[in-house]
Structures are given as structure tokens and as C-alpha cells.
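Trainee: based on what follows, work out the 3D shape:
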Amino acid sequence: MNTAFLKSYEALQQVYGSGAFSTQALNDALANCKAKDRALVTKVVYGVLDSDIRLDYIIARHVKKMPKGDTLIFLKIGAYCLAELSIPTYAVVNDVAELAKLSEDRRIVGFVNATLKAIAKTLADGTLEYPEDEIQRWSVEYSYPEWALRKLVKDYGKQKAQQIISAKPETSTVVRFTAHTAQAQAEEKFGCTCVPTVFPDVYRVQGKITRPDETFTVQSLSSMAIARICASFEPKTMLDCCSAPGGKSVYVKQLCPKADITACDIHPHRVALIDSYAKRMQISLNTCVADSTVFDPSKEGKFDLVLCDVPCSGFGVLDNHPDIKIFRENKDISELMKLQRAILYNCSRYVAEGGTLVYSTCTVFDNENGQQIRRFLADNDCFAPGTIDLPQFPEADGQSTHQFLPCDGMQGFFVAVLKKVK
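Mentor: Down below sits the predicted model:
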């Protein structure tokens with residue numbers, strides 16, 4: 001049996017069958033995986049999840065009744081490999097049929113074999129027909145939920161929406177060093193090409209990296225941008241109210257060593273992640289378990305800067321979490337918006353007079369981003385739009401809000417800066 005396909009199936013079964021997070025399911029599968037199989041397992045797992053809608057469409061065109069459970073997972077692995085990878089057709093069909101023997105049902109093995117052969121022929125002939133409706137076609141072609149695509153069209157227009165959903169994620173790893181590191185030093189450390197970015201001592205590493213330690217960490221450019229915006233105000237006291245795993249708080253502390261930073265999260269195990277991150281990076285943070293929707297009188301007006309990096313739909317970070325496209329539903333957005341407002345309104349009370357409130361998300365939908373800020377300002381006359389200080393991004397620098405987008409080579413983060421004026 002193809003062990004890479006077996007490990008891929010084990011991870012995908014956790015995601016589709018038990019609703020596990022893709023990163024955790026993949027890590028579990030890789031834990032006992034042969035070194036030679038790790039790259040293929042990672043590609044297949046993330047590829048199947050990222051292409052889920054398109055794979056469902058392809059499979060549905062070749063069966064009378066859509067299969068469920070493990071049978072559907074077998075077919076998705078096969079269809080993805082046939083459509084996207086340069087593995088010979090006979091090898092894919094044979095290996096996935098062999099994988100289907102786990103079902104202990106010969107009928108399923110035969111069904112998988114025959115269906116994959118039919119799919120291979122259609123893909124080779126180029127005869128797969130997509131929906132005539134433009135939005136439905138894009139949804140299938142780019143494997144993007146139709147409801148989410150329609151939101152993007154409403155927020156950005158068709159052209160920009162297509163650019164967002166068709167953007168190809170970077171295959172490199174963004175690495176931030178904690179001390180000055182020249183490009184040659186970075187390349188010597190990792191043994192591969194390291195491309196400088198807009199931030200000092202931050203590189204796109206084109207190969208494998210070693211395990212992060214106190215000298216470097218992995219962090220997206222968008223996340224770093226939010227931290228640098230916060231650090232630009234040189235706060236003496238800062239509250240990061242939804243901090244886990246702590247990347248932004250840690251970076252701000254490194255940029256502003258004298259700042260007294262408190263990092264909170266609602267779950268003890270997530271606060272432990274912040275503590276672990278800070279310990280590895282050899283910096284000191286105040287951490288605590290706190291529900292940021294519940295007012296804490298002891299924090300009122302105590303902080304020069306409050307960062308509300310609120311829970312969101314996550315549609316700006318699909319490159320790291322493709323399972324979001326599978327499990328997130330349109331109805332979830334309204335509940336997330338209620339939570340975002342509760343956190344924003346409550347934690348704004350912790351900002352000192354003349355202080356700064358920073359609101360951020362990792363999504364691209366206006367009703368979680370700009371709409372929240374417009375409503376907040378309408379309801380709170382003691383706050384006014386502030387100014388983003390981020391010279392590395394001229395399109396954001398000097399604005400009060402900015403939306404980073406996947407089609408601009410960034411993860412889809414939103415940021416707003418507000419000043420407490422009275």
C-alpha cells in the first residue's frame with residue numbers, strides 16, 4: 001500500500017469525519033510518517049482540503065449518487081492527484097483502489113477504481129463542463145464557497161473578488177530573526193535562498209527551516225505589520241486582549257523593550273501557549289486568563305494601547321487553514337460579529353485618555369472589518385480615527401484603516417487605528 005496515501009487518508013479522515021483542525025490532523029499523521037513521504041502527505045492533505053469544492057464537483061459529474069464517508073475521501077485523494085499532481089494515472093488509480101481495501105468491501109474498491117478511471121479520462125480530454133453562471137463557475141474553479149464569494153463581490157466588485165480567490169499562496173516560509181541577520185547569514189543557517197522582505201531581518205526562506213528557537217520565529221508579514229503598527233506608538237503599557245499564541249505581543253515587546261505588556265486569552269491552555277512562546281523568545285510578558293467581553297474595573301483606563309485582535313471567520317488565512325472553507329458557514333458571520341463588537345466595545349474602556357485602540361482581524365469581509373469600525377465610531381464619540389504608521393506599506397501608511405489582501409502577496413489581515421480623544 002502507498003504509505004503516503006495511507007497517512008493522507010488518516011489525516012483527512014480526522015478532518016472530514018471528526019471536524020479536527022487541519023494543522024493538528026496533519027501533525028498527527030506526520031508524527032509516524034517516513035521522511036520520504038512527508039512532503040507528499042502534506043501536499044495531498046492541504047491540496048484536498050483547499051480543492052474540496054472543485055473535487056466534489058468533479059466527483060459528482062461521474063457518479064449517479066454522491067458517496068459519503070471514507071469512500072468520498074478515497075475519491076478526493078485520487079481526483080486531486082489526477083488533477084493537480086504529476087503522478088502517472090495508473091499509479092494513482094491502482095494505489096487509491098488499494099487504499100480503498102481498508103473498507104473491506106469489494107464493491108467500494110471496484111467503484112473507486114472505475115470512478116477514478118472515468119475522472120482521469122475526462123481530465124485528459126478536457127471535457128469537464130463548469131457551471132454557466134459566472135459566480136458558480138468561479139466557486140468551482142477556485143474551490144471557494146459561493147456564499148463567501150458573493151460577499152467578496154459585494155465588498156470589492158467582481159474583478160477584485162476574482163483576484164482575491166485566485167491568488168496563489170507563497171510556498172516560502174516567512175522567518176523573523178530576533179537580532180540583525182544579513183541575508184548571507186540567513187542563507188548559511190538554512191542552506192537555501194532567503195529573500196529579504198520589507199521588514200529588517202525578515203526573510204522568505206525558499207527551503208526547509210530548522211526548529212524555531214530563541215534566535216528566530218515563523219510569523220506572517222501581515223501579523224508582523226499589525227505588531228509594528230502597535231509598536232510605532234511606543235506604548236508604556238499595552239493590553240493584547242485576545243493574544244494567543246502571542247506572536248504580536250512578543251514582537252511588540254522586542255520592538256519596545258521598556259513596554260509593560262499584558263497578554264490575555266479566555267482559555268488557560270491558550271495562555272500557556274503565550275507563556276511558552278514568550279519563554280522561547282526570552283522576553284517577559286504579563287499573562288492572564290480573561291474573558292474580553294466581560295468588563296474588568298481594574299483595567300479601566302489603564303493602558304496606553306489596547307489591541308483587539310478579535311476572533312473572526314479567518315478567510316484571510318486560508319493558505320494555512322483550508323478547512324475553514326469547508327466548515328465555516330454564512331450564518332457563522334453574524335455570531336462572530338456579535339462577539340467582535342462585545343470585545344471591541346468592552347476593551348475600549350481600558351484605553352487611557354489620549355491612548356490608542358487597535359482593532360484587527362485575519363479576514364477579508366467588510367462586515368467584520370470596516371463595518372465594525374464605522375459602527376463603533378458612530379456609537380463612541382470619545383474615539384476618533386487614528387493614523388497608521390507603517391512606511392514599509394505606503395498604501396497603508398497615514399491611513400486610519402487598511403485591508404491587506406492575499407492578491408497583494410499578504411495574508412488577508414485588516415487593521416484599524418483609533419484614538420481616545422476625550
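Trainee: what about G354, which SS state?
Mentor: Reducing the assignment to helix, strand or coil with DSSP: H, G, I helix; E, B strand; the rest coil, the entry for G354 is strand.
Trainee: what's the least confident helix or strand in the chain by mean pLDDT packed up against?
Mentor: Across the helices and strands of the chain, the lowest-confidence element by mean pLDDT, DSSP states H and E is helix 22-31, at a mean of 89. Here helix 22-31 touches helix 3-18, helix 35-50, going by 3 or more C-beta pairs under 8 Å, 6 or more residues apart in numbering; DSSP states H and E. Heads up, the C-betas are built off the backbone N, CA and C, glycines and all.
Trainee: out of those helices, which gets nearest to S313?
Mentor: helix 35-50 (16.4 Å; C-beta to C-beta).
Trainee: against which helices or strands is the closest one packed?
Mentor: Judged by 3+ C-beta pairs under 8 Å, 6+ apart, the packing partners of helix 35-50 are helix 3-18, helix 22-31, helix 69-84, helix 324-327.
Trainee: just the ones you listed: most buried one?
Mentor: Neighbour counts averaged per stretch over the helices and strands packed on helix 35-50 are highest for helix 69-84, at a mean of 23; criterion: mean count of other C-beta atoms under 10 Å.
Trainee: ok now that helix, how far from the chain's centre?
Mentor: Using C-alpha atoms, centre = their mean, to the nearest Å, we find the averaged C-alpha position of helix 69-84 to lie 24 Å away from the chain's own average C-alpha position.
Trainee: can you state the direction angle for that helix and helix 3-18?
Mentor: Per axes from the mean of the first three to the mean of the last three C-alpha atoms, to 10 degrees, the angle that helix 69-84 makes with helix 3-18 is 130 degrees.
Trainee: host element of the residue nearest to Q392 when sequence neighbours are not counted?
Mentor: Leaving aside its sequence neighbours, Q392 sits nearest to V198 (C-beta to C-beta, 6 or more residues apart in numbering; 3.9 Å). With secondary structure defined by DSSP states H and E, V198 is part of neither a helix nor a strand.
Trainee: next: Y57.
Mentor: Taking DSSP H and E as the definition, Y57 sits inside helix 52-60.
Trainee: quick one: list the elements packing against that helix.
Mentor: Packed against helix 52-60, as judged by 3+ C-beta pairs under 8 Å, 6+ apart, are the following elements: helix 69-84, helix 106-125, helix 134-141, helix 324-327.
Trainee: low-confidence ranges in this structure?
Mentor: Segments of the chain classed as low confidence (criterion: pLDDT under 70) are not present in this model.
Trainee: just to revisit the earlier point, neighbours of the residue nearest to Q392, just the number please.
Mentor: Here the neighbour count serves as a burial measure; for V198 (other C-beta atoms under 10 Å) it reads 13.
Trainee: S360 too?
Mentor: If you count neighbours by other C-beta under 10 Å, S360 ends up with 26.
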